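Participant: quick one, fold the following:
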Amino acid sequence: MVISPKLGRGLAGAALCLLAVTGCSSPQDSDSKSGDSSAEEAGSKDGAKPGVEKVDPDDVIAKQDVKVPGSDEDEVTVAIHSLVVDGKTQTLTMVVTPHFRSVGDDESISIYDSWGENKFNPQLIDADNLKVYSPISDTYEEWTSDPVFTKTTNNQPVTAWAVFKAPENDIDSVDIRLQESWPKFTDIPITES
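Facilitator: Prediction:
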């Protein structure tokens, strides 16, 4: 294959441009930033650093012990940890602790089991404005903990969550309905992140 001199010069020019764009930084340039550049790049524009949400199972707003639907002997403790608005969404975080007599202490118990094999579909109720918020749904998947794969063992707490649209009205609290057969949580405060 023969390359014409004109094409050869064009290819050489393109290669030089590519080198100019990608290879013109020196080790000094990369060290000139103070601090750890990867940590700075990983943070958000407002300077927040990546982290892990801390959920203390004992630090809850309200809790109740309820019967598992369809069972005479199994119970679950459901506690509200927080309801936090962040921009266009609000996230409900719960702590669920199963107390099942029907299974051994080492057997897995899922959120689905704790809900009596019913759908995990928490609802936020704004009674003053006659509005009910259900978890955000996208392509048949709800923005919630996976109720089948979110598991624990007897008497051990597990965290569950659900994401909703932020309140449309200026409200300070909502009622929360977790299961039709359970009493609702009332006046749960909404906090800003």
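
Participant: may I have the phi/psi pair for Ser137?
Facilitator: Backbone torsions for Ser137, taken as degrees, to the nearest 10, come to phi -120, psi 130.

Participant: what's the spacing between it and Val163?
Facilitator: Separation of Ser137 from Val163 (CB to CB, to the nearest Å): 10 Å. All C-beta atoms are positioned from the backbone trio N, CA, C, and that covers glycine.

Participant: neighbour count: the two, which is higher?
Facilitator: Neighbours of Ser137 and Val163, each counted by other CB atoms under 10 Å, are more numerous for Val163; the result is 14 against 10.

Participant: shared neighbours, Ser137 and Val163?
Facilitator: Both Ser137 and Val163 are contacted by Trp143, under the criterion CB atoms under 8 Å, 6 or more residues apart in numbering.

Participant: contacts only, for the residue positioned nearest the centre of the chain.
Facilitator: Residue closest to the average C-alpha location in the chain (CA atoms, centre = their mean): Trp161, at 6.4 Å. Applying CB under 8 Å, 6+ apart, we find Trp161 in contact with 91-94, 144-145.

Participant: from those, which would you call buried?
Facilitator: 91-94, 144-145 (16 or more other CB atoms under 10 Å).

Participant: show me those residues that map onto strands.
Facilitator: Of the buried ones among the contacts of Trp161, the ones assigned to strands by DSSP state E are 91-94.

Participant: re earlier: let's have the contacts of Trp161 in JSON lines, adding distance to Pro50 and pLDDT.
Facilitator: Below are the contacts of Trp161 laid out as JSON lines (distance: CB to CB, whole Å; pLDDT from 0 to 100):
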{"residue": "Thr91", "distance to Pro50": "17", "pLDDT": "97"}
{"residue": "Leu92", "distance to Pro50": "23", "pLDDT": "97"}
{"residue": "Thr93", "distance to Pro50": "19", "pLDDT": "97"}
{"residue": "Met94", "distance to Pro50": "24", "pLDDT": "96"}
{"residue": "Thr144", "distance to Pro50": "23", "pLDDT": "96"}
{"residue": "Ser145", "distance to Pro50": "21", "pLDDT": "95"}
